[in-house]
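[1] Any chance you can model this:
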Amino acid sequence: MKMKHTLLAAISLAFAAGAAQADINVGVNVSATGPAASLGIPEKNTFALMPTTIAGEKVNYIILDDASDTTTAVKNLRKMISEDKIDVVLGSTISPNSLAMIDVAAEAGTPMISMAASSRIVDPVDDKRRWVFKTPQNDAQMSTAIVEHMTNAGVKTVAFIGFADAYGEGWWQQFSSIAEARKLKMVANERYNRADTSVTGQVLKIVSARPDAVLIAGSGTPAALPQKALKERGYAGKIYQTHGVANNDFLRVCGKDCEGTFLPAGPVLVASQLPDSNPVKKAATEYITKYEAAHGKGSVSTFGAHAWDTGRLLQAAVPVALKKAKPGTAEFRAALRDALEGSKEVAGAHGIFNMSPTDHLGLDQRSRVMVEIQNGGWKLVK
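    Got it, this is the predicted structure:
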């Protein structure tokens, strides 16, 4: 009788372990502190709004802060894979950290959905990047929007200043190539670090080149530094920023020096100004409503929306993967990767996602608009 009870107890424990393992463990790596905090905080806030069940399975979000540091991002991912047994990782916030995480995710066979912009995160889709997806628009898409606006405005010469990392380099490669193809002349190429407190030398070189327009390829509040320095030096040409500044913290830090600035952005930034016929408006408005209900009117940012869209992709892919395997297994992770790659017509806050074996972003031109900063706010350029 004692042996029978022991056997029943063992079976019960096995079933309990199996049930616990059925939970879907989602690793989240965000830059909630450090230079990229103004991007990472709204992302972190957004995960609190995510569904806690998908297709009847409980979802656990394990959220770690990489402090905008590449080494910490890799350490966090290794910890989540080995200790938390994650089925998928969402992050990181910035391109250098996301690029550093690729090798670890691929080695572990764990799908990864980045919330960073560099096209190098997913392109080309090779043996490692087949495990990696992302939600922010590619540099090339946004560069095309900027170049079109510049040429329509009569700009002939352009100066560039960007971060001295993967974000800045990715933008330089994409933008300069598209600009030169459209007969825009690049007259300066300067770089600075995210944590720098002065860019006087770089700005003096730019001003002396007398460009019609300047593109600042930065993200978050550090992108305000060159703009304020340009204004201090009396630069009166057109200034463009990237979609990396589309949040209220940037407006606060840059202040009046950013009036009249142009940038490409995801439709969510100006959702209320979009026509009802816009296919993204409904999904974008849904996210804005939920975020502002939790954090107050005007609190939403495009970066939180990138996080929201990782959740939208998971909600579409998980039910497909569950038909093939149970969470907590290599088979489930592989099935989830396949399902993400097969995502079609997934409506996110930033656009409509259609993934393929050669495209692990899946956004088209419906995912971007041009915006001007007017009276301390965002104005859709029609």
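[2] Could you pull out the helices in the chain for me?
    Taking DSSP state H to define them, one finds helices in the chain at 2-21, 37-47, 70-82, 95-108, 139-152, 166-181, 200-209, 224-232, 248-254, 281-295, 302-322, 330-341.
[3] Leaving out the residues flanking it, which one is nearest to Gly154?
    Nearest residue to Gly154, sequence neighbours excluded (Cβ to Cβ, 6 or more residues apart in numbering): Asp212, at 7.6 Å. All C-beta spots, glycine's among them, are computed from the backbone N, C-alpha and C.
[4] low-scoring stretches of the stretch 201-350 of the chain, by residue?
    Within the stretch 201-350 of the chain, no stretch has pLDDT under 70.
[5] okay, how far is it across stretch 322-332, tip to tip?
    The first residue of stretch 322-332 is 7 Å away from its last residue (Cα to Cα, to the nearest Å).
[6] mind checking how far that stretch is from the chain centre?
    27 Å (Cα atoms, centre = their mean, to the nearest Å).
[7] How about residues contacting that stretch?
    Stretch 322-332 has contacts (Cβ atoms under 8 Å, 6 or more residues apart in numbering) with 21-25, 55, 57, 85, 87, 109, 321, 334-335.
[8] hmm, which two among those residues are most spread apart?
    Ala55 and Gly109 (21.5 Å; Cβ to Cβ).
[9] residues in contact with Glu43?
    By Cβ under 8 Å, 6+ apart, Glu43 lies in contact with 30, 32, 91, 93, 115, 303-304, 306-307.
[10] just those residues now: which is nearest Ile373?
    Lowest distance from Ile373 to the contacts of Glu43 (Cβ to Cβ) belongs to Phe303, with 16.9 Å.
[11] which ones are touching the closest one?
    38-40, 42-43, 93, 115, 246-247.
[12] Pull the number of nearby residues for the closest residue to it other than its chain neighbours.
    For Phe303, ignoring the flanking residues on the chain, the nearest one in space by Cβ to Cβ, 6+ apart is Leu39 at 4.4 Å. Neighbour count of Leu39, defined by other Cβ atoms under 10 Å: 32.
[13] and what of Asp338?
    Asp338: 16 surrounding residues under other Cβ under 10 Å.
[14] Same check on Glu107?
    Neighbour number of Glu107 under other Cβ under 10 Å is 12.
[15] and Phe15, what pLDDT?
    Note for Phe15: predicted pLDDT of 44.
[16] Then Lys382?
    On pLDDT, Lys382 comes in at 86.
[17] can I assume the residue nearest to Gly154 is in contact with Thr151?
    No: with contact defined as Cβ atoms under 8 Å, Asp212 does not reach Thr151; the gap is 10.9 Å.
[18] So these two - more neighbours on which side?
    Neighbour count, other Cβ under 10 Å: between Asp212 and Thr151, Asp212 has more, with 17 against 14.
[19] residues touching that one, list them.
    154-158, 237-238.
[20] Using ChimeraX, make a named selection holding only the buried ones among the residues you listed.
    Filtering those down to the buried ones (16 or more other Cβ atoms under 10 Å) takes a single ChimeraX command:
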select :155,157,158,237,238
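[21] taking the contacts of Asp212 as a set, which two sit the farthest apart in space?
    Distance extremes for the contacts of Asp212: the farthest pair is Gly154 and Val158 at 12.2 Å, using Cβ to Cβ.
[22] nearest spatial neighbour of the spatially most central residue of the chain, skipping sequence neighbours?
    With distances taken as Cα atoms, centre = their mean, Met115 lies nearest the centre of the chain, 2.8 Å away. Nearest non-adjacent residue to Met115, counting by Cβ to Cβ, 6+ apart: His306, 4.4 Å away.
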